[in-house]
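Asker: Predicted model and sequence below, questions to follow.
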Amino acid sequence: MESPAPPLALGVHRSISGRRWIWREGEARTGLAIAQRLGLDEVVARLLAARGVGIEEAQHFLEPTLRALLPDPSRLIDMDTAADRIARAIRAGESVAVFGDYDVDGACSAALMSGFLREEGCTVYPYVPDRMAEGYGPNLPALQGLAAKGATLIICVDCGTAAATVLEALTGADIIVLDHHTAEGPPPRVVATVNPNRLDCTSGQKMLCATAVAFLTTIATVRCLRRAGHYQGRAEPNLMDLLDLVALATVCDVMPLIGVNRALVAQGLRVLQRRDRPGIAALLEVAAVKDKISAMTLGFALGPRINAGGRIGEADLGLRLLLCEDALDARAMAATLDGVNRQRQTVEASMLTAALDAAEQQLAAGHAALLVAGPDWHPGVVGIVAGRIKERFNRPALVAGVADGLAKGSGRSVPGIDLGSAVIAARQMGLLATGGGHPMAAGFSLPQQRVEAFHAFLDERLAAARALPQAADLVVEGSATVAGCTLEMAESLIKLAPFGNGNEEPMLVLPRCRILRAERIGKELNTIRAFLEGEGGGPRLKAVMFRAKDGKLPPALLERGSAPLHVAGHLRAEEWNGRVSTSFIITDLAET
């Protein structure tokens, strides 16, 4: 028996961008009970209920604390073994290598573990492989080089779970893996593999990023050291100071902002606000972030710049910046990363038009998955372009660059379509040279001549994607009037922050708005600023549409005239030069 169709918001079955607007339904009685128990604004209480937050959980959701939500690190399999070995390395003053990854989670987890070990007196060799020359994950020459330097313990962070062959071949150093990637089989035969996504881990902490796993490891290690009397006569490290890195990685690795992750990010934002870490302070400066730091700051200002080094620059530049203790050096590295990020944007733009055109042709031809490849497309940018294609067409999208007869790429998927399993199955069948991932993202490589066969395999394996609409549904949580979009209402919505995956910013609809004025602004004219008025007149509301270079929405806003529109988006209280005002961030528009 088919489930009933979700109710349409404002009757919109096809917006100007082609999306269906549907209500996110919640239990009204639960919302009322939350409002009464906690003395909350009823709008906020209803939003909590719609997100599945019960009466008993509501207080911890609104005020997430580590005391209430942080799990005992020992619940993760192998944690006690890992902590004991790291504690022994600290007490003996061993040299330790930290082998990371070139994305934000890899840089943050490597910086967290390296900084902790250095503070505890170890000589530390941080290492990030070069994306082009070495690829992802541990490789034997790099590990042997670290052991030759004198490292008697190598800690792999945000990688290593799938590298059993390489790790087991190393002699001369112990290895610990601190990871969160999905495991296909048994863990490597090393000292310890701490990974909540191990097949045999029953901790229930699958949504932790690698930096959060590393943070839990520092807690367990300090506990071991304390029991051994290590801190008699010396101060224990303040592990709370590491939460800026945990928050940054959790947001940028798109972990669900529920449960313990809410507490980690909320507390981490408080640490970030102090701007004590020179590298992050310098990065905030080049990104022109002067006011309060939010999860959005991490995802849109800091993350892309740290990632840029690993994508098309020096792979370890982000890690070096996070570890930098000199303000002048940090400013120089931050400026370099900012420049590399602008270069990344140029490379991305040069690929995007051709990739979108090819994907649109495949969609018209009836493909379930969209797989596009181009000569010399940069492997550091293919994942971003795949994400753009996925957003545009609501289909699993894979993008590959071809060089020397080898196609190397990355894919992004949509909810309900498991791309990672399909890529793993293709590798197991011999179609791919390498391949792995999780439901929403995957990486792969294969000989160029097998690209068509791989595409056919994906079409068959992911056939359910053909039934998806060409634009994803827009889930709406509330309706408001222009006059009702007050600063007080905007500030009440902030109680639900931090926003991100699993706890999205509330999507509101404003029925029958008149567009009083709309104009392009910004250096590249990629933003539209407009002023809205309710159908019966009254106060005006400033509205903004970002990424408004192309598509169907900008003309609808700029050329609307006097006919009203339904407007969907987010209401925000925004601070600029010490003044707080309301803005409505436009996501979609619909005819009335």
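Answerer: Now that the structure is in, tell me what you want to look at.

Asker: if I pick the nearest residue to residue 463 once chain neighbours are set aside, what's in contact with it?
Answerer: Leaving out its chain neighbours, the residue that sits closest to residue 463 by Cβ to Cβ, 6 or more residues apart in numbering is residue 368, at 5.1 Å. Every C-beta, even on glycine, is put in place using the N, C-alpha and C of the backbone. By Cβ atoms under 8 Å, 6 or more residues apart in numbering, the contact set of residue 368 is 395-396, 458-459, 462-466.

Asker: Could you rerun that using 10 Å?
Answerer: For residue 368, the contacting residues are 362, 395-396, 417, 455, 458-468, by Cβ atoms under 10 Å, 6 or more residues apart in numbering.

Asker: Rounded mean pLDDT for the host helix or strand of residue 453, please.
Answerer: Element membership for residue 453, per DSSP states H and E: helix 451-461. Helix 451-461 shows a mean pLDDT of 98.

Asker: Looking at the contacts of residue 368, state which has the most neighbours.
Answerer: Neighbour counts for these (other Cβ atoms under 10 Å) peak at residue 396, which has 28 neighbours.

Asker: Look at that residue and report its pLDDT.
Answerer: Per-residue pLDDT puts residue 396 at 98.

Asker: how far away is it from residue 501?
Answerer: From residue 396 across to residue 501, the span is 18 Å (Cβ to Cβ, to the nearest Å).

Asker: now residue 332
Answerer: Look at residue 332 and residue 501: by Cβ to Cβ, they are 33 Å apart.

Asker: Counting neighbours, go ahead and name the busier of these two.
Answerer: Using other Cβ under 10 Å as the criterion, residue 332 and residue 501 rank with residue 501 on top: 18 against 14.

Asker: The residue lying closest to that one once chain neighbours are set aside: what secondary structure?
Answerer: In space, and not counting its chain neighbours, residue 501 is closest to residue 254: 4.7 Å by Cβ to Cβ, 6+ apart. Following DSSP: H, G, I helix; E, B strand; the rest coil, residue 254 is assigned to coil.

Asker: same check, this time on residue 569
Answerer: strand.

Asker: so how far is residue 284 from the residue most central in space within the chain?
Answerer: Nearest residue to the geometric centre of the chain (Cα atoms, centre = their mean): residue 254, 2.5 Å. To residue 284, residue 254 is 21 Å away according to Cβ to Cβ.

Asker: for residue 70, same thing?
Answerer: The gap separating residue 70 from residue 284 is 27 Å, by Cβ to Cβ.

Asker: Compare these two (neighbour count), which wins?
Answerer: Using other Cβ under 10 Å, the more surrounded residue of residue 70 and residue 284 is residue 284, with 19 against 16.

Asker: Relative to residue 143, how far out is the more buried one?
Answerer: 35 Å.

Asker: wait, what's in contact with residue 123?
Answerer: Residues in contact with residue 123 (Cβ under 10 Å, 6+ apart) are 93-97, 117, 149-151.

Asker: Strands - which of those residues land there?
Answerer: Among these, DSSP state E puts 95-97 in strands.

Asker: Surely residue 257 is in contact with residue 498?
Answerer: Yes. Using Cβ atoms under 10 Å, residue 257 is in contact with residue 498, at 5.6 Å.

Asker: Check the offset of the longest helix seen in the chain from the chain's centre.
Answerer: With secondary structure taken from DSSP state H, the chain has its longest helix at helix 327-364. Relative to its chain's centre, helix 327-364 lies at 17 Å (Cα atoms, centre = their mean, to the nearest Å).

Asker: before we move on, back to that, now do the helix holding residue 453 and helix 327-364, the angle between them.
Answerer: Here helix 451-461 points in a direction 70 degrees away from that of helix 327-364 (axes from the mean of the first three to the mean of the last three Cα atoms, to 10 degrees).

Asker: Which other helices and strands does the very next helix or strand once past helix 451-461 contact?
Answerer: Going down the chain from helix 451-461, the next helix or strand is strand 474-476, by DSSP H and E. Contacts defined by 3 or more Cβ pairs under 10 Å, 6 or more residues apart in numbering; DSSP states H and E place strand 474-476 against strand 21-23, strand 508-521, strand 565-576, strand 579-591.

Asker: one step back: which residues does the residue nearest to the centre of the chain contact?
Answerer: Neighbouring residues of residue 254 by Cβ under 10 Å, 6+ apart: 105, 209, 299, 303, 440-441, 500-502.

Asker: Then residue 347?
Answerer: Here residue 347 is in contact with 311-312, 377-378, 380-381, 384-385 (Cβ under 10 Å, 6+ apart).

Asker: which ones among those are found in helices?
Answerer: Per DSSP H, the contacts of residue 347 map to helices at 311-312, 384-385.

Asker: where does the protein have low pLDDT?
Answerer: 1-4 (pLDDT under 70).

Asker: make it 80
Answerer: Where the chain drops to pLDDT under 80, the residues are 1-5, 25-28, 132, 310-313, 438, 560-562, 575-578.

Asker: Would you map out the domains in it?
Answerer: With automatic domain parsing as the criterion, the domains of the chain are listed as 71-241, 366-467, 477-591.

Asker: Between the two ends of the second one, how far is it?
Answerer: The first residue of domain 366-467 is 10 Å away from its last residue (Cα to Cα, to the nearest Å).

Asker: May I ask you to confirm that residue 161 is in contact with residue 177?
Answerer: Yes. In this structure, residue 161 is within contact of residue 177 by Cβ under 10 Å, at 6.2 Å.

Asker: re the thing from before, and the residue nearest to residue 463, what are its phi and psi?
Answerer: phi -80, psi -40 (degrees, to the nearest 10).

Asker: Please report how far it lies from residue 407.
Answerer: Distance, residue 368 to residue 407, by Cβ to Cβ: 19 Å.

Asker: ok, now residue 323?
Answerer: Separation of residue 323 from residue 407 (Cβ to Cβ): 35 Å.

Asker: Report the contact partners of residue 571.
Answerer: Under the criterion of Cβ under 10 Å, 6+ apart, the neighbours of residue 571 are 478, 480, 484-487, 489-493, 505-508, 510, 541, 543, 582-585.

Asker: Name only those of those that count as buried.
Answerer: The neighbour count (16 or more other Cβ atoms under 10 Å) marks 478, 480, 484-485, 489-490, 492-493, 505-508, 510, 541, 543, 582-584 as buried among these.

Asker: got the contact list for the one helix or strand residue 166 maps to?
Answerer: Per DSSP H and E: residue 166 is located in helix 164-169. If you take Cβ under 10 Å, 6+ apart as the criterion, helix 164-169 is touched by 99, 137-144, 154, 156, 160-161, 163, 175, 177, 183, 185-190, 193.
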